[in-house]
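Chemist: Dropping the sequence and predicted coords here.
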Amino acid sequence: MLNDPRSHGLWEKTAPQPPATVPLAGDAKADVVIVGGGYTGISAALHLASAGSRVILLEAKEIGFGGAGRNVGLINAGMWVMPDDLPGELGPVHGERLLDLLGNGPGVVMDLIETHEIACELQKAGTLHCAVGPAGLKEIEDRAAQWQKRGAPVEVLSAAETASRIGTEGYRGALLDRRAGTLQPLAYVRGLAHAAVKAGAILHTGSEVTATERQGTGWRVTTDRGSVSADWIVVATDAYSTGPWEQVRTEQVHLPYFNLATRPLGDNLRRTILPGNEGCWDTKEVLSSFRMDQAGRLVFGSVGALRGTGTGIHKAWARRSLKHLFPQLGDVEFESEWYGQIGMTTNALPRFHKFAANVVGFSGYNGRGIAPGTVFGKVLARHILGELPESELPLPLTDPRDPPFRTLKETWYEAGAQLAHFAGARA
């Protein structure tokens, strides 16, 4: 994408084409202007247009350019924060609302995929949160118990059960979440975009917003070649924000994350590695994730950026790690490589912001963008349509605030990942 093979890697190679779009030119009018073409923005556009609203979406680059087109493709339920901790972070009302909304988030994603016949390699096999050592096992046992008391279909697998599902004896157990699954992330957001266009939404790519101004009771949003006047603005730019809402980006600490994809594995290997097609990630502080794509490529990722010295360090570590987990693979060669940035908030929970009257947005998904982005887009649509007042939203209203030492933390995350993987590659 944009002549950078390391921006979207395998996903751009295998995703269906997005709908045809052009930059905004001239002046236009709408009920709602949406800024950002990721999961939140496209979901909001689809749900608003389906309800009869006139919707124009402005994307600075291309559909799925940010985290929507770069992530590993796990459709997770909930957030990183333990379920029992959410009421303490957000209060009992918003905490339970958010748990209910995001616990059911994967189901919303899967229903949309089926309703709109989106070709995105959907797998409903669940996910496995893999326990590394006794501390990791305790973590997943606690998480499972907290979800189970809320009726969620999750269970802790023994080390033997985990080995049979994954094909490695490297874990003490795993938390199987049957609500979850995997998909091709760029294909999914492009499919949502096709559905939004079919519903009547107008999408403009290559249309970076440069300014906004109050216009009577509404707003005028300006790009370098045109403008949109609308009653509402949805800010859906998240961790890649620039321009008028750069504060959405600056209240998040960027955590780099890379993915590498092998060549398609043969049938014998596919029978021994993730035969059930679950998506996986582990409990390490510098975590790893892995899954199969539809063609049998093993996609393996971790914290770090594929640039500078990090490129060689992370790839060497990945080869060694995969050989340790799956000796049957032998010497691994990677067909694709890419990386992006995860936006982390101070408490690892998303945010709801009202930037001005009728200017709203959710952000800060902390590496859990697929289901939260989709459901928050739907929530914004319902709020704008008058179906969901602010008092009933799943998050309290907060003002954007820059975290302390953001730049220093970002530098440390990238350097620290290199140090961890360099040491791991030499162990």
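Modeler: Received, thanks. If you're wondering where the values come from, they're calculated on a predicted model, not measured in any experiment.

Chemist: C-alpha from now on. contacts and neighbour counts both.
Modeler: Will do.

Chemist: so Y413 sits in a helix?
Modeler: Yes - counting by DSSP: H, G, I helix; E, B strand; the rest coil, Y413 is located in a helix.

Chemist: does it really touch L255, like I thought?
Modeler: Yes - the criterion here is Cα atoms under 8 Å, and Y413 meets it with L255 at 6.3 Å.

Chemist: residues bridging contact with the two, i.e. touching both?
Modeler: Residues touching both Y413 and L255 (Cα atoms under 8 Å, 6 or more residues apart in numbering): G304.

Chemist: Contacts only, for G37.
Modeler: Contacts of G37 by Cα under 8 Å, 6+ apart are 57-59, 62-65, 236-237.

Chemist: Can you give me the distance of it to K61?
Modeler: Look at G37 and K61: by Cα to Cα, to the nearest Å, they are 8 Å apart.

Chemist: Name the nearest residue to S50, sequence neighbours excluded.
Modeler: A199 (5.3 Å; Cα to Cα, 6 or more residues apart in numbering).

Chemist: My guess is the one you found contacts L46. True?
Modeler: Yes - proximity of A199 to L46 meets the contact threshold set by Cα under 8 Å, at 6.6 Å.

Chemist: neighbour count winner among these two?
Modeler: Neighbour count, other Cα atoms under 10 Å: between A199 and L46, L46 has more, with 26 against 19.

Chemist: Pretty sure the more buried one sits in a strand.
Modeler: No - counting by three-state DSSP, L46 is not part of a strand but helix.

Chemist: isn't it right up against I202?
Modeler: No - when contacts are counted by Cα under 8 Å, L46 is not listed as touching I202 (10.2 Å).

Chemist: Give the phi and psi angles for H254, as a check.
Modeler: Per-residue torsions, H254: phi -70, psi 130 (degrees, to the nearest 10).

Chemist: what's the helix or strand for the closest residue to it other than its chain neighbours?
Modeler: Leaving aside its chain neighbours, H254 sits nearest to G343 (4.9 Å; criterion: Cα to Cα, 6+ apart). Assigned by DSSP states H and E, G343 belongs to strand 334-344.

Chemist: Give the other helices and strands that the next helix or strand after that strand contacts.
Modeler: Once strand 334-344 ends, the next helix or strand along the chain (criterion: DSSP H and E) is strand 351-356. Judged by 3 or more Cα pairs under 8 Å, 6 or more residues apart in numbering; DSSP states H and E, strand 351-356 is in contact with strand 359-363.

Chemist: by how many degrees do the helix or strand that the strand it packs on is followed by and strand 351-356 diverge?
Modeler: Downstream of strand 359-363, the first helix or strand assigned by DSSP H and E is helix 370-384. Counting by axes from the mean of the first three to the mean of the last three Cα atoms, to 10 degrees, helix 370-384 lies at 40 degrees to strand 351-356.

Chemist: Could you give the average pLDDT over helix 370-384?
Modeler: Averaging pLDDT along helix 370-384 gives 98.

Chemist: Stretch 74-83 now?
Modeler: For stretch 74-83, the mean pLDDT works out to 96.

Chemist: Just the buried positions in that stretch, please.
Modeler: Neighbour-count burial for stretch 74-83 flags 74-79, 82-83 (criterion: 16 or more other Cα atoms under 10 Å).

Chemist: doesn't I63 fall inside a helix?
Modeler: No - using three-state DSSP, the secondary structure at I63 is coil, not a helix.
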